[in-house]
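> From the sequence below, what's the structure:
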Amino acid sequence: MSFEQFGFDARIDAGIKAAGFVNPTPIQEQAIPVALNDGDVLGLAQTGTGKTAAFVLPILQRLTKGALRRHRALIVAPTRELAEQIHETIVQLGAKTKVRSV
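The predicted structure follows:
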């Protein structure tokens, strides 16, 4: 499986390629299709397996389809370090979109 099979917006695909991602990890293969179809996801995987991208990519996909200049997603993280990791992932994968993370 490759990331192209998820049908992401071309700008998100560009961010995926720029990040050096080639093939989705098992957690991404399972979680992304469910999230793209508005399903609830509860994922458990070891550190470094791509969990952050697994939920950030569907959020970016949804945000590229809506109106700009509005707060449209709120991500709550239990630690500052995780919040920073999520922010960096959004910035990296969403670099070609007009979606911003603050």
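
> Now do stretch 95-102: distance to the chain's middle.
Computed by C-alpha atoms, centre = their mean, to the nearest Å, the separation of stretch 95-102 from the middle of its chain amounts to 12 Å.

> what about it, how long is it end to end?
End-to-end span of stretch 95-102 (C-alpha to C-alpha, to the nearest Å): 14 Å.

> Go through that stretch and flag the buried ones.
Neighbour-count burial for stretch 95-102 flags 96-97, 99, 101 (criterion: 16 or more other C-beta atoms under 10 Å). C-beta here means a position set from N, CA and C on the backbone, and glycine is covered the same way.

> what's the most distant pair in these?
Lys96 and Ser101 (14.0 Å; C-beta to C-beta).

> Give the rounded mean pLDDT of the helix or strand hosting Lys17.
Element membership of Lys17 [criterion: DSSP states H and E] is helix 10-18. Helix 10-18 carries an average pLDDT of 97.

> what's the following helix or strand after that helix?
Where DSSP H and E defines the elements, the next helix or strand beyond helix 10-18 is helix 26-36.

> Can you name the residues in contact with that next one?
Contact with helix 26-36 is made by 1, 6-7, 24, 40-41, 43, 45, 49-51, 53-55, 57-59, 61, as judged by C-beta atoms under 8 Å, 6 or more residues apart in numbering.

> go with 7 Å
1, 6, 24, 41, 43, 45, 49-51, 53-55, 57-58, 61 (C-beta atoms under 7 Å, 6 or more residues apart in numbering).
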